[in-house]
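Peer 1: quick one: sequence and predicted model below, then my questions.
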4 protein chains.
Amino acid sequence: MVNVGVIGCGYWGPNLIRNFNSLPGANLKTIADLDEKRLHQVGLLYPNTHKTTDHREIIEDPEIQAVVVATPMSTHFPLGSQVLEAGKHLFLEKPMATNSDDCRALNRLAAARGVKVMIGHTFVYTPAVRKIKALMDSGELGDVYYVNISRVNLGIFQQDANVVWDLAPHDVAMLNYLFEAHPVSVSANGRCYVQRDKGIEDVAFVTLEYPGRRLAHIHVSWLDPNKIRNCTFVGSRKMLVYDDVSPSEKIRVYDKGVDVQPHYHDYGEFQLLYRSGDIFVPRIDTVEPLKIETDSFLKVVSGQEENLSSGEEGLRVVQVLEGACRSIAEDGKPIPLKYDD
Amino acid sequence: MVNVGVIGCGYWGPNLIRNFNSLPGANLKTIADLDEKRLHQVGLLYPNTHKTTDHREIIEDPEIQAVVVATPMSTHFPLGSQVLEAGKHLFLEKPMATNSDDCRALNRLAAARGVKVMIGHTFVYTPAVRKIKALMDSGELGDVYYVNISRVNLGIFQQDANVVWDLAPHDVAMLNYLFEAHPVSVSANGRCYVQRDKGIEDVAFVTLEYPGRRLAHIHVSWLDPNKIRNCTFVGSRKMLVYDDVSPSEKIRVYDKGVDVQPHYHDYGEFQLLYRSGDIFVPRIDTVEPLKIETDSFLKVVSGQEENLSSGEEGLRVVQVLEGACRSIAEDGKPIPLKYDD
Amino acid sequence: MVNVGVIGCGYWGPNLIRNFNSLPGANLKTIADLDEKRLHQVGLLYPNTHKTTDHREIIEDPEIQAVVVATPMSTHFPLGSQVLEAGKHLFLEKPMATNSDDCRALNRLAAARGVKVMIGHTFVYTPAVRKIKALMDSGELGDVYYVNISRVNLGIFQQDANVVWDLAPHDVAMLNYLFEAHPVSVSANGRCYVQRDKGIEDVAFVTLEYPGRRLAHIHVSWLDPNKIRNCTFVGSRKMLVYDDVSPSEKIRVYDKGVDVQPHYHDYGEFQLLYRSGDIFVPRIDTVEPLKIETDSFLKVVSGQEENLSSGEEGLRVVQVLEGACRSIAEDGKPIPLKYDD
Amino acid sequence: MVNVGVIGCGYWGPNLIRNFNSLPGANLKTIADLDEKRLHQVGLLYPNTHKTTDHREIIEDPEIQAVVVATPMSTHFPLGSQVLEAGKHLFLEKPMATNSDDCRALNRLAAARGVKVMIGHTFVYTPAVRKIKALMDSGELGDVYYVNISRVNLGIFQQDANVVWDLAPHDVAMLNYLFEAHPVSVSANGRCYVQRDKGIEDVAFVTLEYPGRRLAHIHVSWLDPNKIRNCTFVGSRKMLVYDDVSPSEKIRVYDKGVDVQPHYHDYGEFQLLYRSGDIFVPRIDTVEPLKIETDSFLKVVSGQEENLSSGEEGLRVVQVLEGACRSIAEDGKPIPLKYDD
């Protein structure tokens, strides 16, 4: 049984709390939040868990072996450092930190203390993404030429980070996992529409180049009233569309068939020439990704499972985000990416 | 009654032929194609129309006032020049020519001969696009911040042009029409996957900047087995999605509603937080765009209607395409765009 | 080459004319319609075809071997009789006649004259229906327990027939073809809403029982503003949904998977429990059914192909319609069905 | 604060438990189930609630004012009787009892003891259904001619009730609520496919006639691998489609527009003639219906709200189910319905 403390009951924290609370191998010992009212409200569901507005009660509790940090991005580094300094395992929400130097410092600290760091790259633990990985590994898609992603919705406009830092970590982590590789360059265009005076981008188009000249294009936005989570994987054999918003048809695999005929005889026939192959919609488990993720964290801590979203992965994702923002500042200039290892 | 000749019975020509044939104000006098078999096959439907493998029979026929050129892109300039030299009105398929200098030469020639040039920018004549224009003009969408377009399918791999020249003219012409403006800069990334040795891009991501820092992002591809014609217009008041492939719901207008709540209580609630407002799906006429386009050509020729896809517009579209290709060659560097007038 | 005459250029006739005109084995010699204006309008597309307001010109033309009758239902019997009396093959629109006795008379006449009768049961010639037949025959669906059909739209309110006679022939003919059997009883409920004073039903629910206690339930309506052509086939192994209105996904085959879990932990999970198996969407040819149907008629006439919608089949369909209407009159009482052969 | 006891932690009970537990006005005091393992498992989430395998601990607890019964249908009457005898308010799952006499007995008992009975007719409390009611009441749909419902899925095959008793109570209760009326007759066809030997129908087609000759047709089935919850309301002005399975577009309202033209010029145009009017998709609250229902129960108990699913309503629903089953036994014969009051 691992005693777990959670710092942060805001937007995402309650989901982590709920999942750690229902894991057989974890004991949700303490939750902390600066906002007393929020703490009380969330805490009602967990009568046997200790609540505190002072996160040091968690850091200093010798019975707590693992700490979950789900606070605003700018506090990831200071809070993460305290957790690791205290020799405790750390589950840190994405993005790992506001810059790559802080990520490196956290990784050095974890190595020195002999504890684990896992970053909350949820999509690595999502059943649909794992199905895509299986389909890619089996050769079903052929060579994946490029990936086109839209991740948009009428979001909460962050005050301390732009839309790239807010939404793109999901995609970069997912793509790194699927390709088992890291982008060699990034270029990006962004715009500040709603928070123009603060200079915080709310829309961006990011292009990653992976080894083998594979492209990944990511569109992120806070402006759309509609939630879209759409990823299209175009391979030499088949195409796969992953719609994370669809409840029952998250993944669709499109066969290529015979080529469409080169001309049509009437307008209707033209309208009908939509596709040339079969479509397959595999069944996907409806397990909550956070359940798999939190369960994996426990197994990583106890050495039973490989860490699929380690601090090293967290660093690489942050390096891509840094590159994307530099490219936006330089009007879309491609930025080459080098990783430490 | 305008006597019309058509040069080119290949991919697109038969559609123009069919439409001109059924227009009350036009007489389809002659059709020409180098390929005798193709000419015969298409000609069967038009027993009273003269067929020839020598396009000069059309150029030199004094009874023909207007000529339609629907041939490969590289022949647009030489054939168009002959038509204009002969003092006939010209309907020229898009893109107008392979470079902007040729476009300028055609426009000068038309001015000198006092004849009209119309470019086949079909989407300017599409009922759904006109509905979008009406919604934009009425202020229904508010300020349009940005547009995101996907235009992809398992296409015919062109031998003499890349995917930008093949597909993007539609989008650039449509956007120029809707915004009543022209992009001030373009940047683009492209890749050659299937025709790698020939260096012909089959996938590209193009970003246009329109005046007022409005962005338009265009994804074009020949690689997808599925036909996608999707344009998302994000405005300050509402969002509009235009799915040209949908037979019955081409346009959907999404209201913004109350903001989504900042956190959720369970995974299902999370999944349900899709949208916050009403959706409206207006009825769109099912008239074939080519019918409107060819009818408009006749009216432009007779001076009854403004030319919405003039040679000047054709030139501006080609300038954008040139800029996009230059940007691809320079790894996505933004290229500023200046227009002659 | 078969010389063909067509009587009736109204709602459906032009489609038959267009198809017979483009068949290599047919020569569209004459078309007839009482409405001179309509005749002229349709005839414009067929400059080399003779037009007449007197259908006897077709009946009495010794060069015409086959006659197509696409006129209002009440004229099927008298016109069909004249065609057969003249020793010509007959293509007769559905339903074959207004009562089964007339059908029997037509069949006797055809036998006596040694000519063929084909009824326009279009769905028997529809690629999607043939795909369903192939899937049923291969055992893919297992035993088909029941079929549930909706065929509704804001239709043309017929003056001389109710909605059962107008729309249900399609379904009965399709089901007879798919099951290779004929219903043993029928019950039906109907209502007259819009044409209440004329007593013409515009909505009906029809239940057919096929041998083996298989049920087919058909909902027909003229009142819906939306066109729905939906057939669900529930089998012991799989379920198939045929949506004739979908341009790209006409057929979807649903696998049964593991059973859904018997309870859920939250509302969202409840919402997610939609299905338990894979879905397969086979590619369907986009050939126009009428093209296959008219081609088949020529082959039946020349003895090259079996008649899939013979006069005998037409009679059986009419017997079912008669039974349905009797049941409506008796408030849904089941009516047993017996066939002549 | 109302002290609540819940009898039954099986399929549906946990959802009621979860909702009563989170209601501010309720105190979930005791839960009971015969299955000790199930009780333990569900109870883990409610550490402060008493658990027992003996439901009499609830019945006999003087501090408990209201009891929820979520047990198999056959126990509704005996358990409900005990609750009412003990002078406690009763929330009873649907259907109220296995026959109308038992319903009448429960209602008499409640009246004698001066306590309330509410039946779990969830759809009466569903936001989408309330939106439909508002649209109907406002005249938006015009006169509702008929309703067509499909409620099917690969269900849990009940051992003690057929598919009509299992699924149709939802629809009958919903329709009675929407029409503010009760059906005057019912006819039904049913079949036993999977449990043929037990004679338990797993598929049925039920037709209800409401006053004013309005029809409601209900298709219920346990056999479909896909969950379908589709209700189409056809009115004289508009049509409404309610798809309870859609997460984001539960209700669609279809305008009638201009009539479709009576004939088409090509196959494609035919395919395009889908609809003639605008579509409106109103935003629907994503509140869990059970939250509204359980909250309403507390308010009914305290006299603050009208009882929308009273024992009298429960009785009327059961009378319709009885009639439907009688009609199935008599091969679809229409059964007239009379209500006590």
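Peer 2: Structure's in. What do you need?
Peer 1: quick one: low-confidence parts of the stretch 151-300 of chain A?
Peer 2: By pLDDT under 70, the low-scoring segments of the stretch 151-300 of chain A are A:154-159, A:257-276.
Peer 1: so what's the most centrally placed residue in chain A up against?
Peer 2: By Cα atoms, centre = their mean, the mean C-alpha position of chain A lies nearest to residue A:170, the distance being 2.5 Å. Counting by Cβ atoms under 8 Å, 6 or more residues apart in numbering or on different chains, residue A:170 touches A:94, A:121, A:122, A:123, A:151. Heads up, the C-betas are built off the backbone N, CA and C, glycines and all.
Peer 1: same thing but at 7 Å, please
Peer 2: By Cβ atoms under 7 Å, 6 or more residues apart in numbering or on different chains, the contact set of residue A:170 is A:122, A:123, A:151.
Peer 1: CA atoms of the helix or strand containing it as CSV?
Peer 2: Assigned by DSSP states H and E, residue A:170 belongs to helix A:163-179. Provided in CSV are the C-alpha atoms of helix A:163-179 (Å, rounded to 0.1, in the frame of the first residue of the first chain):
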residue,chain,number,x,y,z
VAL,A,163,-2.4,27.7,-26.0
VAL,A,164,0.7,25.7,-27.2
TRP,A,165,1.9,25.1,-23.6
ASP,A,166,-1.7,24.3,-22.5
LEU,A,167,-2.9,21.9,-25.2
ALA,A,168,0.1,20.7,-27.3
PRO,A,169,1.9,18.7,-24.6
HIS,A,170,-0.8,16.0,-25.1
ASP,A,171,-0.1,15.7,-28.8
VAL,A,172,3.7,15.9,-28.6
ALA,A,173,3.7,13.2,-25.9
MET,A,174,1.3,11.1,-27.9
LEU,A,175,3.3,11.4,-31.1
ASN,A,176,6.6,10.6,-29.4
TYR,A,177,5.0,7.5,-27.9
LEU,A,178,3.5,6.4,-31.2
PHE,A,179,6.5,7.1,-33.4
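Peer 1: how far off centre is whichever helix or strand comes after it?
Peer 2: Sequence-wise, the next helix or strand downstream of helix A:163-179 (DSSP H and E) is strand A:185-191. Here strand A:185-191 is found 19 Å from its chain centre; the criterion is Cα atoms, centre = their mean, to the nearest Å.
Peer 1: that's a helix at residue A:102, yeah?
Peer 2: Yes. Judged by DSSP: H, G, I helix; E, B strand; the rest coil, residue A:102 forms part of a helix.
Peer 1: need the pLDDT of it.
Peer 2: Listed pLDDT for residue A:102 reads 98.
Peer 1: also residue A:10?
Peer 2: pLDDT recorded at residue A:10 is 85.
Peer 1: helix, strand or coil for it?
Peer 2: At residue A:10 the chain is in coil, as set by three-state DSSP.
Peer 1: same list (the contacts of residue A:170) but as CSV, adding neighbour count.
Peer 2: Output for those, formatted as CSV (neighbours: other Cβ atoms under 10 Å in any protein chain shown):
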residue, neighbour count
A:122, 22
A:123, 25
A:151, 22
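Peer 1: go through those residues and name the one nearest chain C.
Peer 2: Ranked by distance to chain C (Cβ to the nearest Cβ), those are led by residue A:122 at 16.0 Å.
Peer 1: contacting residues for the nearest residue to that closest one once chain neighbours are set aside?
Peer 2: Of all residues not flanking residue A:122 in the chain, residue A:289 sits nearest, at 5.1 Å (Cβ to Cβ, 6 or more residues apart in numbering or on different chains). By Cβ under 7 Å, 6+ apart, the contact set of residue A:289 is A:122, A:125, A:126.
Peer 1: so of those, which ones are in helices?
Peer 2: Among those, no member falls in helices (DSSP state H).
Peer 1: any chance of CSV for those, columns pLDDT?
Peer 2: Shown next, in CSV, are these (pLDDT from 0 to 100):
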residue, pLDDT
A:122, 96
A:125, 97
A:126, 96
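Peer 1: shouldn't residue A:178 be in contact with residue A:134?
Peer 2: No. Assessed by Cβ atoms under 7 Å, residue A:178 is found out of contact with residue A:134, at 10.5 Å.
Peer 1: which one of those two is surrounded by more residues?
Peer 2: More neighbours surround residue A:178 than the other of residue A:178 and residue A:134, with 23 against 11 (other Cβ atoms under 10 Å in any protein chain shown).
Peer 1: that one and residue A:138, how far apart?
Peer 2: Distance, residue A:178 to residue A:138, by Cβ to Cβ, to the nearest Å: 13 Å.
Peer 1: now, among the contacts of residue A:170, which is nearest to residue B:217?
Peer 2: Closest approach between the contacts of residue A:170 and residue B:217, by Cβ to Cβ: residue A:151, at 13.9 Å.
Peer 1: which phi and psi does the closest one have?
Peer 2: With angles defined as degrees, to the nearest 10, residue A:151 sits at phi -130, psi 90.
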